[in-house]
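Engineer: Turn this into a structure:
(chains A, B, C and D)
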Protein chains: 4
Amino acid sequence: MAKAVMEFIGAFFLVFTIGMTVIEPGAGNLAPLAIGSVLMVMIFAGGHLSGGHYNPAVSLAVYVRGRLSVNDLITYMVAQFIAGAVAAGLVLFLKGFPALTPGARQILPALIAEFLFTFALCFVVLNVATARGTSGNSFYGLAIGFTVLAGAYAVSSISGGAFNPAVALGVTLMGLSDWANIWIYLVANFAAAAVAGLAFRALNPNDA
Amino acid sequence: MAKAVMEFIGAFFLVFTIGMTVIEPGAGNLAPLAIGSVLMVMIFAGGHLSGGHYNPAVSLAVYVRGRLSVNDLITYMVAQFIAGAVAAGLVLFLKGFPALTPGARQILPALIAEFLFTFALCFVVLNVATARGTSGNSFYGLAIGFTVLAGAYAVSSISGGAFNPAVALGVTLMGLSDWANIWIYLVANFAAAAVAGLAFRALNPNDA
Amino acid sequence: MAKAVMEFIGAFFLVFTIGMTVIEPGAGNLAPLAIGSVLMVMIFAGGHLSGGHYNPAVSLAVYVRGRLSVNDLITYMVAQFIAGAVAAGLVLFLKGFPALTPGARQILPALIAEFLFTFALCFVVLNVATARGTSGNSFYGLAIGFTVLAGAYAVSSISGGAFNPAVALGVTLMGLSDWANIWIYLVANFAAAAVAGLAFRALNPNDA
Amino acid sequence: MAKAVMEFIGAFFLVFTIGMTVIEPGAGNLAPLAIGSVLMVMIFAGGHLSGGHYNPAVSLAVYVRGRLSVNDLITYMVAQFIAGAVAAGLVLFLKGFPALTPGARQILPALIAEFLFTFALCFVVLNVATARGTSGNSFYGLAIGFTVLAGAYAVSSISGGAFNPAVALGVTLMGLSDWANIWIYLVANFAAAAVAGLAFRALNPNDA
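Structural biologist: Have a look, this model is predicted:
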């Protein structure tokens, strides 16, 4: 139960910060710095309680890597999606519905962009937060949070830059992304998570 | 006494940097980076001396969590508020009174914004600087400072982004916020601190 | 083999992020933050697997310092150059060929700029990731990644700011740099790497 | 001798990055990020060799704190000033003399601004790099580098933001500051260093 509450808190602040910094007046071209930072600080704060996933794709990757039970996987995902929806509601209360009409996505480029940086995100998580070779480090939150920062700067013009199905739900509810596009995130993010889990196992054969 | 001096130094540089970067010519949209950074460096420098609070709300949260005596709580708060006032005076000496008229705040949104990120700030402090599960880490200052960075980008257009009653006093003295609004900060920040303290205890039942 | 795959992954994300953030619409003047961050996170993720070079010049410097075999040196370089080329192809697929014509470089200034910051990069790598005096630290990725950030802000107007022959190959394939200039990077980067390796040995005589 | 070489390398890259990012076309309002970062990475790289001062004021503060001999103090300062001059010459070679005429400084505000952030810088150095209470940490470079970042955003419009006599020499040679103002930096920076050394001793009475 404490784990689910922590996952709710972390995913809530992540999606809330995304909405507040992306919808005008927001943080302009510094939104990715704010978003990467809030993810970092929530991981440093909650990692010792729940692992600090805040992302159904990350939870899936940790499950594939063998460090999360099926029960926890489902509990985490439910808490993360609820947090995304609650954060979206609060952003809309504070900011109103954004005037912009979300652009149509080019499907193949968006799938590639979401796949690549969700892979990077899950791969970084597994290596900095679950690998024997980096145990005891003090950089895990920085590494994970700033992967999202880099990805947001690199591909948000292509895919919006979610890398996280709970974020995809939140930004869709906020009117920043079209419902017709949400499958892109779900497919690309979960596929990338599974591949990252398998890649970690292949590259770390002695770290079961 | 050394603790009070350290709390004065840290809170002074925090409020001084806020004033110097927010009042034009300042740091523009990079002010939150400067502010989060100065908080970070003062925590890294003074954490081993006083705990590095620099914020009456953080001191209250640490008191609720059971790691600060009543005497120290009062001493810390006095030092922090004095530092906020002294910093405000020096900013006014260096920059002059800002030309802008502080905007009226919408009360409920401002209360929510201040509550949320002060909760995040205190919750992060308790988990990275007082929890058994993260003891000995080298990221506590980064995590705490960059929580303020994220909060400033996320909600400063709603509430001004103080998350700290000594900062609220300082920015009010500098003419960046109206005296009629200062209760918003005091209520929201201290309430958030108390809730964060209780939340920490509920989520860390074995870390007394 | 796992090492080569890791070097491919890291160099791929480095060059991919460079292309996606530098070609419009990209990250504007925050591109160096994204680039330094992605290098940082890939080093934190892969350092325990391959050392996290992602740069033929860094691999050469580690070889000169005596911590990489000739076989690994060749394998690493091949993986890094292939990664640079693959990343360039994917950037071109997602963004199209950039409209700009790469400027002619002034040769001596460009050689100096590339030499200096590639020296800094390799010197930082050797001291934070291979020296006895810093063993067990948690900052190696931050130090290395943000050396590239600083160098990109300092000299990209002079030399483009590659500091990495695989990056030079990638940006040339993307049309961001002219083929006539690629020798500048190869000469300056590899020379700087060799000098950094020798400088490390001279300054750390007891760290064989 | 290795110590002097390291101090030269670190101070050179600090002053070189300042010149290259401040003189147009430079890094615009992100120059402080580049400058704080290059200081950080040079401290992480060279701290184990020389202590990583790169600043005559910091060396003075470490001397007052009792961790530097008079001989090393003089050697370090000579290396740092030479590095500042060499870096200035190279910046001028690469960029040409800047067109701007350095503004007259208001003396008292400039003295205050330089004193305050040089005090902060030296105080942070002593607490994160020489104090028993923070020994073995992995954040010293980040804390020191980002103190300069915060100070540059806070007071560069008042004093130029040197916090370092070798930087003051370098920027004066580059034409970014007037020779008539250099005493401001020398007086304020060395005074702040001495006060920081005494403050550290007063606040850490058991850390001799």
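
Engineer: quick one: contacts for the residue nearest in space to the middle of chain A?
Structural biologist: Centroid check for chain A by Cα atoms, centre = their mean gives A:Asn164 as the closest residue, at 3.5 Å. A:Asn164 is in contact with A:Leu14, A:Tyr54, A:Asn55, A:Pro56, A:Ala57, A:Val58, A:Thr118, A:Leu121, A:Tyr185, A:Asn189, counting by Cβ atoms under 8 Å, 6 or more residues apart in numbering or on different chains. Every residue, glycine included, has its C-beta placed from N, CA and C.

Engineer: Is chain B within reach of stretch A:93-105?
Structural biologist: Yes: shown here: stretch A:93-105 in contact with chain B (Cβ under 8 Å from any Cβ of the partner chain) through A:Phe93, A:Leu94.

Engineer: Surely A:Gly89 touches A:Leu173?
Structural biologist: Yes: counting by Cβ atoms under 8 Å, A:Leu173 is a contact partner of A:Gly89 at 7.3 Å.

Engineer: So for the two, which sits in the more crowded spot?
Structural biologist: More neighbours surround A:Leu173 than the other of A:Gly89 and A:Leu173, with 21 against 15 (other Cβ atoms under 10 Å in any protein chain shown).

Engineer: Check the gap between that one and chain C for me.
Structural biologist: Separation of A:Leu173 from chain C (Cβ to the nearest Cβ, to the nearest Å): 26 Å.

Engineer: so where do the helices sit in chain A?
Structural biologist: Assigned by DSSP state H, the helices in chain A fall at A:2-22, A:31-50, A:56-65, A:70-95, A:107-129, A:140-159, A:165-173, A:182-203.

Engineer: Is A:Val187 in contact with A:Ala110, as I believe?
Structural biologist: No: between A:Val187 and A:Ala110 no contact is recorded; they are 10.2 Å apart, counting by Cβ under 8 Å.

Engineer: So between those two, which is more surrounded?
Structural biologist: A:Ala110 (21 against 14).

Engineer: Nearest spatial neighbour of that one, chain-adjacent residues omitted?
Structural biologist: Nearest residue to A:Ala110, sequence neighbours excluded (Cβ to Cβ, 6 or more residues apart in numbering or on different chains): A:Ser159, at 4.1 Å.

Engineer: Kindly state the pLDDT recorded for that neighbour?
Structural biologist: With respect to pLDDT, A:Ser159 scores 96.

Engineer: Same question for the one 10 residues further on.
Structural biologist: The score at A:Leu169 is 98. That number is its pLDDT.

Engineer: That one reaches A:Ala87, doesn't it?
Structural biologist: No: under the criterion of Cβ under 8 Å, A:Leu169 is not in contact with A:Ala87, lying 9.8 Å apart.

Engineer: Which residue of the two possesses the greater neighbour count?
Structural biologist: Using other Cβ under 10 Å, the more surrounded residue of A:Leu169 and A:Ala87 is A:Ala87, with 29 against 25.

Engineer: what about that one, distance to B:Ser157?
Structural biologist: 17 Å (Cβ to Cβ, to the nearest Å).

Engineer: wait, what's in contact with whatever residue of chain A ends up closest to chain B?
Structural biologist: Across chain A, no residue is closer to chain B than A:His48, which sits at 3.1 Å (Cβ to the nearest Cβ). A:His48 makes contact with B:Asn127, B:Ala131, B:Gly133, B:Thr134 under the criterion Cβ under 8 Å, 6+ apart.
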